[in-house]
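Asker: A predicted structure for the sequence below; I have some questions about it.
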Amino acid sequence: MKLVYRIILHISWVLSLLLAAWALFFYVTLVDEINDETDDALEHRAEAIITQQLSGREVISTASGNEGYFLKEVAQEYASRLSHERYTDEEIYIPEQDDEEPARVLRTIFRDRDGRWFELTVMTPTFEKDELREAILWWIVWLYLFLLLTILAVNVLVLHRTLRPLHALLRWLDEYTVGGKNPPLACDTNITEFCRLNEAASRYAARAEQLFDRQKQFIGNASHEMQTPLAVCRNRLEMLVDEGATLTEAQLGEIAKVQRTLDYLVRLNRSLLLLSKIDNGQFPETGEVDFNALAGRTAEDLAEIYASRGMHLAMHEEGRLVVNMNPTLAASLVNNLLKNAFVHGDAGGEIVVTLSPHGLRVENSGAAGPLDAALLFERFYQGAKKEGSTGLGLSIAEAICCLSGLRIEYAYGAGMHRFTVTVR
């Protein structure tokens, strides 16, 4: 979830709680204020009636429905048992309307000069609290929707404008490529936190560039330093073989094994260095590569090398495949796919290379069943160990495809392993 939406979500439920509490407080305060004003009016009217009664003038009850007053004499026990002033909300039945109407009622008890006790009941119409609650509820709902939408709209605009430097930083980080030509990170904000974030991103980018340069330097140095002693070892072993008159057959056999091991180390070193260069993006040069011609030359060369396996190679050209990519990587991609087919295919089996304007497909026979597609492109993974294989060929092919905007897929069917490279 985006930061803006998370903030808006929290603001929404906080506003809901605040508006609900405000509505309750508003209703209670409103009812209390109305009752207080009504009670004051009832009290003044009751005082006037009591004064009239105590002065000896006759008081005539004028109660009509839910408005008016009436006076009645009560016993002393009744008067002593109740408080002298009681305010209540009641529903008074009105015969003329055959309905009940709300009223605010004051009952007060007093004693005249003769010691008689009287109860005065004064009534006045009041409001329907249920209707008031419903009206307040609807007004609060509409007010809530209006305030919520207004506040959310304002917050979205403010947050989007405030977070603009953060979005710019995220775009810069998404487009940043270590070792590539990257534009400088612009800091067009005076917000302290964003300025510090931009400075931190710039520092880490500079550190990544330094590490990248060191890694490239290490790869170059390692390439020269490791290839030289390996070549020296191979030359010395060849010299020993040339002077084989003094060596026994067993010793010559051991030397041949060491030579094969050194050849494997040389191929492994070259493959690892190539993977590192691909990962570091050290093949920026691109051009149009004709895969039809490239696949034809590579297939011819490898067919001669692996002629002892008796495999039949067939090429089908359904169109010209021309891709804009690094020529060296293109040659390595085709070479690794075809070499993988020769090395891992069944002896005396078949290899089928199909080219079309949309991609390249390399198939080889393999009766052992499908390989594990989840591990197939992992480095050093081999379904079955084959002599001459480093376990890095398919990893290199996948790395080249990722760098060049291609897609490689594996499938198995009809006794054939199928590797398909398509142009995205």
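Answerer: Now that the structure is in, tell me what you want to look at. Numbers count the residues shown, from 1 in each chain.

Asker: got a list of what Leu147 touches?
Answerer: Leu15, Leu19 (CB atoms under 8 Å, 6 or more residues apart in numbering). Placement of C-beta: from N, CA and C, glycine included.

Asker: distance of it from Trp13?
Answerer: 14 Å (CB to CB, to the nearest Å).

Asker: again, but for Arg203
Answerer: Distance of Arg203 to Trp13, computed by CB to CB: 39 Å.

Asker: repeat that for Gly405.
Answerer: Going from Gly405 to Trp13 by CB to CB gives 46 Å.

Asker: same thing with Arg234?
Answerer: Distance of Arg234 to Trp13, computed by CB to CB: 74 Å.

Asker: who's more crowded, those two?
Answerer: Set Arg234 next to Trp13 and count neighbours by other CB atoms under 10 Å: Arg234 wins out with 16 against 9.

Asker: ok, the more buried one touching Val258?
Answerer: No: Arg234 is not in contact with Val258 according to CB atoms under 8 Å; the separation is 9.2 Å.

Asker: break the chain down into its structural domains.
Answerer: Using automatic domain parsing, the domain parsing of the chain gives 3-151, 181-282, 287-423.

Asker: now render these as JSON lines, adding mean pLDDT.
Answerer: JSON lines is the format used below for those (pLDDT from 0 to 100):
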{"stretch": "domain 3-151", "mean pLDDT": "79"}
{"stretch": "domain 181-282", "mean pLDDT": "77"}
{"stretch": "domain 287-423", "mean pLDDT": "84"}
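
Asker: surely Leu265 and Gln227 touch.
Answerer: No: checked against CB under 8 Å, the pair Leu265 and Gln227 is beyond contact range at 10.1 Å.

Asker: report the set of residues contacting both of the two.
Answerer: Overlap of the contact sets of Leu265 and Gln227 (by CB under 8 Å, 6+ apart) is empty.

Asker: measure Asn324 to Ile400 for me?
Answerer: Asn324 sits 14 Å away from Ile400, going by CB to CB.

Asker: can you mark which positions in the strand or helix carrying Lys257 are buried?
Answerer: Per DSSP states H and E, Lys257 falls inside helix 249-279. Within helix 249-279, the residues that count as buried by 16 or more other CB atoms under 10 Å are 255, 259, 262, 266, 269, 271-278.

Asker: what comes into contact with the strand ranked longest in the chain?
Answerer: Determined from DSSP state E, the single longest strand within the chain is strand 99-111. Here strand 99-111 makes contact (CB under 8 Å, 6+ apart) with 35, 38-39, 42-43, 46, 50, 53-54, 65-67, 74, 79, 82, 84-94, 117-129.

Asker: from these, which ones fall inside helices?
Answerer: Secondary structure from DSSP state H places Asn35, Thr38, Asp39, Leu42, Glu43, Ala46, Ile50, Gln53, Leu54, Ala79, Lys129 of the contacts of strand 99-111 in helices.

Asker: are any of these buried, and if so which?
Answerer: Taking 16+ other CB under 10 Å as the criterion, what is buried in the ones in helices among the contacts of strand 99-111 is Thr38, Leu42, Ala46, Ile50, Gln53, Ala79.

Asker: out of these, which is nearest to Tyr412?
Answerer: Set against Tyr412, the nearest of those by CB to CB is Thr38 (89.9 Å).

Asker: can you add distance to Phe25 and give the buried residues of helix 249-279 back as JSON lines?
Answerer: Formatted as JSON lines, these follow (distance: CB to CB, whole Å):
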{"residue": "Ile255", "distance to Phe25": "97"}
{"residue": "Gln259", "distance to Phe25": "93"}
{"residue": "Leu262", "distance to Phe25": "88"}
{"residue": "Val266", "distance to Phe25": "84"}
{"residue": "Asn269", "distance to Phe25": "79"}
{"residue": "Ser271", "distance to Phe25": "76"}
{"residue": "Leu272", "distance to Phe25": "73"}
{"residue": "Leu273", "distance to Phe25": "75"}
{"residue": "Leu274", "distance to Phe25": "74"}
{"residue": "Leu275", "distance to Phe25": "70"}
{"residue": "Ser276", "distance to Phe25": "69"}
{"residue": "Lys277", "distance to Phe25": "71"}
{"residue": "Ile278", "distance to Phe25": "68"}
